[in-house]
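S.K.: could you work out the structure for the sequence below:
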Amino acid sequence: MSRKKLSKIRRADPFFERELARYEFPLPSREYVSQVLADEGRPVEFNELADLLDITNTEREMFQRRLGAMEREGQLMRNRKGAYILPERASLTPGRIQGHPDGYGFLIPDDGSADIFLDQHQMGKVLHGDRALVRVTGIDRKGRPEGGIVEVTERVNTRIVGRVFVEHGVVVVAPENKRISQDILVPPQPKAKTKPQSGQVVMVEIIEQPSKFSQPIGKIIEVLGNYADPGMEIEIALRKHDLPFEFSKAALEENKSLPDKVTKADLKGRVDLRDVALVTIDGETARDFDDAVYCEKKGRGWRLIVAIADVSHYVKPGMALDREAVERGNSVYFPRRVIPMLPEKLSNGICSLNPDVERMAMVCDMEISSTGKIGKYKFYPAVFKSHARLTYNLVWSWLSGEKVPETDVHRSVLPHVQDLYKLFAVLHKARGQRGAIDFETTETQMLFNEQGKIENIVPVVRNDAHRIIEECMLAANVCASAFLAEHKQTCLYRIHAAPSEEKLANLRTFLGEFGLALGGGDDPRAKDYAILLEKVKQRPDFQLLQTVMLRSLRQAMYSPDNVGHFGLAYEHYTHFTSPIRRYPDLLVHRAIKAVLAGETYTPDRSWDDIGLQCSSTERRADEATRDVENWLKTFFMKERIGEEFDGTISGVTAFGIFVALDTVYIEGLVHVSELGADYFQFDNIKHQMLGERTGERFRLGDRVRVKLVRADLESNRIDFVLAGSEKSYAGRRTLPKSTVKPVSQRPAAKPVAVRAPVLAKVPAKSDKTAAKPAVKKSVAKKAAKPVAKKPVAKKSAAPRSKTAAAKPVKKAAPKKR
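M.R.: Sure, this is the predicted structure:
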């Protein structure tokens, strides 16, 4: 059916224009399908639904696929006769399963309503991450809705990484993802060359998903090695979080065909900046250089040039390299290893702005006033040569007067570096006047010895050279978003929405305890946060106040819907400056080029889908690197068990307090059972635990001295007790009785009373926890020898002997904005 012949029924789709923009021959939108089913108010078979929506014979196969996708995502379901109905008509809630290490779990509803508790029996039918339809069956003892799984609509776990355990010839794999509490049974594999050995880390493919009566069954498809092998923590993280780390054959073939240098044909239509003294300024260990800067005085203001590697010239839509890039979303930075978004020939080769070689770039050329206001700006493709590869420490040594340039090249670029510093001063001042929030946080890096063993964790010292580049990149990003908005070209904005009403209410209640108030009324701006931060900067409890203010903010993400960037106080903001390591930046480059050519850029997938994908891959990378860093920190602390440390309470939960140490930048848990012989009330608004009988208080930001008692590599958990608690509780922080408010007078929801001495198990750090022993299913009858429980072989985690280059340093992932 041609577009012109689409019937009135089809054009009545409220989202017709959206579908028309996405597809050449649009089908009825998902919303329209749901609306028609709702209007019918009864189960509708496929042929009848197709007739109702005027689906032609040639469209039926594609329409059936759309209905299948809606069914998988829980937007509709079929009854026993195969007719389609809406889940809400059957009192069913669609959502994603979230498992807990103790065996129970939750359904996280798609509509954002309250999570539905699923007991261990229900969780036996699914694995963490699966999608399901759940019917609410009642309220549990904690007042949460509790439900039963009616249908599993999507199975997402096809391959799982875990450790092998063998007992009496029966092989099971215990998943490394502790949210998957069921072991995978591995039947004998007659054709296998070697038998699985206990302690091996393997990848298992699920051949039979869990059901009401049996546990999951799988087969081993890859043996990664022993748990104690060097670098195994990264191999596990890659597979646990489903991070792509090998490029496809098609992508590698395309990569081989890319040139090693700029050709004459590449210069067509480009501005020649080869004589402009652009320089790169990066860290000492950086290997890929994707931005170069230049500054000169112009009248009373400055001219700033930001040149970004022109990745879009080499990676085109439809290429295998592009498909790999969107699947990865971003590069992932582990300690001593990087998983790049693009192959190294691009990231470290033709798209790396190395000194004294011709490189192509997309340029943002700006005029900035003496007050830091960006005036005229323009974008254009260019060719240039980086005149020098500078480092933050070297540049700062010049600007601080500690050193002077020692080479002719360095002396020639020094005046432009000095202009950059002067420009930074006015941009930084304008940032403050704009009201951008500037939290003071400490970044760390891991140091390793010649054997590859973690030797120390130290803070990253930032100087004004870092901040120069940061301000230059912010300016270019703002210009990119303004340029695309002005030309009505859709793109992915980097958005940061204002805090939610609930978070604001909690923050105001907390601040009121200190006689403080956040300005701005019901709609505070970033400037209100900045003013309050400046006001409390010299207070001894500054870190406490800053931490709570930071936690009241939302997470930044990518979206085609521009809601501004709250934290940076920008009305519009995008990412333009790192197309080598971030896919949204690559899309922004393509969009800018389209505008310059008088065209409109539309990606293969919808902007909404790509925004969700890139936000998801960013979170996935964060979780994977956090896993690896936590393992390394735990390994580092194993040799220090019994030592005492000073620290600050960095988190308060119903099951205890988290303490960040002063000297080694490690965080661990003091379980509630170690706080004292008292009933402790957890107050999530005041971020504190308060003893009912003694009035003893442990609050976020309080100083404590702790003793390390446990560093468990299997769970990546570090446990402390309060120093001296074995003998007495004297000397700990206690509120005067007169200042302790009765529970009835405290704001917020009813606190959870926890009897400290009763609890012994340390739950994972989660807001949905309970100290319940895990209950494993019996092994399915397909096993060679039936067993009634998980093998009792102890999961040991021997220290690893690692080998690597001399004193490698963790390459810090670029700061997110």
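S.K.: does Gln215 really touch Ser181, like I thought?
M.R.: No. Counting by Cβ atoms under 8 Å, Gln215 stays clear of Ser181, with 10.4 Å between them. C-betas here are computed from N, CA, C, even on glycine.
S.K.: which one's more surrounded, these two?
M.R.: Ser181 (24 against 21; other Cβ atoms under 10 Å).
S.K.: what helix or strand does the more buried one sit in?
M.R.: Using DSSP states H and E, Ser181 sits in no helix or strand.
S.K.: repeat for the one 4 residues further on
M.R.: For Leu185, the enclosing helix or strand under DSSP H and E is strand 184-186.
S.K.: same deal with Ala594?
M.R.: With DSSP H and E as criterion, Ala594 is part of helix 583-596.
S.K.: which element follows that helix toward the C-terminus?
M.R.: Assignment by DSSP H and E places the next element after helix 583-596 at helix 607-637.
S.K.: list the buried residues of that following helix.
M.R.: 607, 610-611, 613-615, 617-618, 620-622, 624-625, 627-637 (16 or more other Cβ atoms under 10 Å).
S.K.: for the strand holding Leu185, packing partners?
M.R.: strand 159-167, strand 170-175, strand 200-208, strand 217-226 (3 or more Cβ pairs under 8 Å, 6 or more residues apart in numbering; DSSP states H and E).
S.K.: who are the contact partners of Val171?
M.R.: Residues near Val171 by Cβ atoms under 8 Å, 6 or more residues apart in numbering: Val164, Phe165, Leu185, Val186, Pro188, Pro196.
S.K.: which one is the fourth one nearest to, not counting chain neighbours?
M.R.: For Val186, ignoring the flanking residues on the chain, the nearest one in space by Cβ to Cβ, 6 or more residues apart in numbering is Val171 at 4.2 Å.
S.K.: contact partners of stretch 468-486?
M.R.: By Cβ under 8 Å, 6+ apart, stretch 468-486 touches 281, 291, 293, 304, 306, 308, 364, 366, 368, 374, 377, 379, 392, 395, 420-421, 423-424, 427-428, 431, 490-491, 493-494, 562, 568, 570, 572-577, 588, 591-592, 595, 815, 817.
S.K.: go with 6 Å
M.R.: 281, 293, 306, 364, 377, 420, 424, 427, 491, 570, 572-574, 576-577, 588, 591 (Cβ atoms under 6 Å, 6 or more residues apart in numbering).
S.K.: nearest to the spatial middle of this structure, which residue is it?
M.R.: Compute the mean C-alpha point of the chain, and by Cα atoms, centre = their mean the closest residue is Arg619, 1.6 Å away.
S.K.: okay, now Asp640: neighbour count?
M.R.: Careful, residue 640 is Arg and not Asp. Quick note: Arg640 (other Cβ under 10 Å) scores 14 neighbours.
S.K.: ramachandran angles for it?
M.R.: Taking degrees, to the nearest 10, you get phi -120, psi 20 for the backbone angles of Arg640.
S.K.: for the stretch 151-300 of the chain, which spans come out with low pLDDT?
M.R.: Regions of the stretch 151-300 of the chain meeting the criterion pLDDT under 70 are absent.
S.K.: if we can go back for a sec, can you tell me the average pLDDT over the helix holding Ala594?
M.R.: The average pLDDT within helix 583-596 is 98.
S.K.: between that helix and helix 607-637, how many degrees?
M.R.: 150 degrees (axes from the mean of the first three to the mean of the last three Cα atoms, to 10 degrees).
S.K.: buried stuff in the helix or strand hosting Met473?
M.R.: Secondary structure from DSSP H and E places Met473 in helix 464-486. Within helix 464-486, the residues that count as buried by 16+ other Cβ under 10 Å are 464-485.
S.K.: equivalent analysis for stretch 168-176, please.
M.R.: Val170, Val171, Val172, Val173, Ala174, Pro175, Glu176.
S.K.: same question, stretch 49-64
M.R.: Leu49, Ala50, Leu52, Leu53, Asp54, Ile55, Glu59, Phe63.
S.K.: do stretch 285-298 as well
M.R.: Buried residues in stretch 285-298 (16+ other Cβ under 10 Å): Ala286, Asp288, Phe289, Asp290, Asp291, Ala292, Val293, Tyr294, Cys295.
S.K.: who's in contact with the closest residue to Leu278 other than its chain neighbours?
M.R.: Here the nearest residue to Leu278 in space, its sequence neighbours aside, is Ala292; by Cβ to Cβ, 6+ apart that works out to 4.1 Å. Applying Cβ under 6 Å, 6+ apart, we find Ala292 in contact with Leu278, Thr280, Ala307, Leu353, Ser386.
S.K.: which SSE is Ala292 in?
M.R.: Per DSSP H and E: strand 291-298 holds Ala292.
S.K.: need the buried residues of stretch 49-64 in a markdown table (columns: distance to Phe698, pLDDT and secondary structure).
M.R.: Formatted as a markdown table, the buried residues of stretch 49-64 follow (distance: Cβ to Cβ, whole Å; pLDDT from 0 to 100; DSSP: H, G, I helix; E, B strand; the rest coil):
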| residue | distance to Phe698 | pLDDT | secondary structure |
| --- | --- | --- | --- |
| Leu49 | 59 | 93 | helix |
| Ala50 | 63 | 93 | helix |
| Leu52 | 62 | 92 | helix |
| Leu53 | 60 | 92 | coil |
| Asp54 | 65 | 91 | coil |
| Ile55 | 63 | 92 | coil |
| Glu59 | 63 | 89 | helix |
| Phe63 | 59 | 93 | helix |
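S.K.: can you name the two of those residues that are farthest apart?
M.R.: Leu52 and Glu59 (13.5 Å; Cβ to Cβ).
S.K.: what is in contact with these two at once?
M.R.: Between them, Leu52 and Glu59 share no contacting residue, judged by Cβ under 6 Å, 6+ apart.
S.K.: which parts of the helix or strand encompassing Cys364 are buried?
M.R.: Secondary structure from DSSP H and E places Cys364 in strand 358-368. By 16+ other Cβ under 10 Å, the buried positions in strand 358-368 come out as Arg359, Met360, Ala361, Met362, Val363, Cys364, Asp365, Met366, Glu367, Ile368.
S.K.: okay, now the sheet partners of it, with direction.
M.R.: Strand 358-368 pairs in its sheet with strand 301-309 (antiparallel), strand 374-385 (antiparallel), by DSSP bridges.
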